[in-house]
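just coords:
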């Protein structure tokens, strides 16, 4: 009986042993990291806001890196933030990427603020340079930033929209942090409470992986590091790698510059100013062409950025009030009201917290721009007022106040010689021939005159 059991056990072991061996071999093969030691190291540089142009640049860089079989894509990042929609497009491309993405917040003193925090945490490897910071991912305007809470139904709607945007972004940040195995609690706190930390503290809290002095130090620390790409473990190797920079295309670079709220506002004001000068001085051509070009670029910027029509209308009303000051005597009230409308409209122009955290720089850009436009407007008002007070110096009206000589007696009409011309003249009093006269007004082809006083006649004689 025992011999039979042993025989059955031996047969079972002999039957299942090859399958067990194959399973273990397959498990070892699946668990062995794939070495990425071929292909170039592609590098891109993001220095500025996150907008549709920079989003297109990053997505194109990921595709080119995949096509080139790159060892990794190194993204050197320094940004104060940007559009939420553009950030979402970037992160979706990063999560789908078939090449490792290394996000390096550099150089020293750089900032991965707001949208930059999302992008840094979404990297397969997150690194920071000494002296750099990360955090403050709370969009501008969401959650109430001072000034009290608005009242009424409109205020409640704004509070509801702000809370909705905050909750959505917090959940989005949590999902990214969980996917990359980073500090979920801090990531959510960065969105809700705008917390920010230094590079060393970020490593301690497992927000980023390491601190590197420069690119060479970063690659040295990453040599042999394992990352997970599409469910597969891959080991990084950068020894002997060729560095391939992916440059931003010219058109994308232009859009990247235009996608700045400060640039958009300056272009809008420059365009309006150029057209205003051309309308006041027709034929100058250059101000009109330059103004039209600036307005065209401003419209392109407004298509890129999520602007507010309320801000645009306030700025146009402000400009209209400034122009009206030249034609209506308000002792500067219209002008001051126009400047206030332009400041208010400019500050509200890109105030769309549910879509972005970009805003116009109030003191460095908006105030000087409105001040410069206001100074030009004041100069125009002064020049117009001064010209209106001056005596007419062209045409027949320049005769008013001029002296001439009566060639015939004027009773009540006669002929005078003035400014080298003979005129039919009229006077309410008798003026003898050869007496000096002064022109008072012109009616058609008749000049109304008065005699020069006798004492002045003698002095002149």
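Thanks, I have the structure now. All values reported here derive from a predicted model rather than from experimental measurement.

And stretch 182-199, how far out from the chain middle?
Computed by C-alpha atoms, centre = their mean, to the nearest Å, the chain-centroid distance of stretch 182-199 equals 26 Å.

That one: which residues count as buried?
Buried positions in stretch 182-199, judged by neighbour count with 16 or more other C-beta atoms under 10 Å: 182-184, 186-192, 194-199. Every residue, glycine included, has its C-beta placed from N, CA and C.

State the pair within these that is farthest apart.
The most widely separated members of the buried residues of stretch 182-199 are 192 and 199, with 22.2 Å between them, by C-beta to C-beta.

before we move on, the earlier item: out of the buried residues of stretch 182-199, which are inside helices?
In helices, judged by DSSP state H, the following of these are found: 184, 186-192, 199.

which non-adjacent residue is nearest residue 452?
residue 436 (4.1 Å; C-beta to C-beta, 6 or more residues apart in numbering).

Isn't that neighbour up against residue 403?
Yes - Residue 436 is within contact range of residue 403, at 5.8 Å (criterion: C-beta atoms under 8 Å).

So those two - more neighbours on which side?
residue 436 (18 against 15; other C-beta atoms under 10 Å).

Quickly note the distance from that one to residue 429.
14 Å (C-beta to C-beta, to the nearest Å).

where do the helices sit along the stretch 101-250 of the chain?
115-122, 152-180, 184-192, 199-204, 215-222, 250-258 (DSSP state H, counting those that start in this stretch).

how many degrees apart are the first one and helix 152-180 in direction?
For helix 115-122 and helix 152-180, the angle between their directions (axes from the mean of the first three to the mean of the last three C-alpha atoms, to 10 degrees) works out to 30 degrees.

domains for the chain, by residue range?
The chain breaks down by automatic domain parsing into domains covering 27-251, 260-389, 395-460.

Same list (those domains) but as CSV, adding mean pLDDT.
As requested, the domains of the chain are arranged in CSV below (pLDDT from 0 to 100):
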stretch, mean pLDDT
domain 27-251, 90
domain 260-389, 81
domain 395-460, 88
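
Tell me who's in contact with residue 55.
The contact partners of residue 55, by C-beta atoms under 8 Å, 6 or more residues apart in numbering, come to 83, 86-87, 89-90.

show me what contacts the residue nearest to residue 285 when sequence neighbours are not counted?
Of all residues not flanking residue 285 in the chain, residue 278 sits nearest, at 7.6 Å (C-beta to C-beta, 6+ apart). Contact partners of residue 278, counting by C-beta under 8 Å, 6+ apart, are 284-285, 287-288, 291.

What about these, which one has the most neighbours?
Comparing these by number of neighbours (other C-beta under 10 Å), residue 291 comes first, having 20 neighbours.

Just the buried positions in stretch 409-426, please.
Residues 410, 414-416, 418, 423, 425-426 are the ones in stretch 409-426 that count as buried (16+ other C-beta under 10 Å).

same thing with stretch 238-256?
Within stretch 238-256, the residues that qualify as buried are 238, 241, 246, 248, 252, 255-256, counting by 16+ other C-beta under 10 Å.

likewise stretch 81-90?
Along stretch 81-90, these residues count as buried under the neighbour rule (16+ other C-beta under 10 Å): 81-84, 86-87, 89-90.

Off-centre distance for that stretch?
Remark: stretch 81-90 is offset 14 Å from the chain centroid, using C-alpha atoms, centre = their mean.

Same question for stretch 256-266.
Centroid separation for stretch 256-266 versus its chain: 3 Å, with C-alpha atoms, centre = their mean.

Thank you kindly, that will do.
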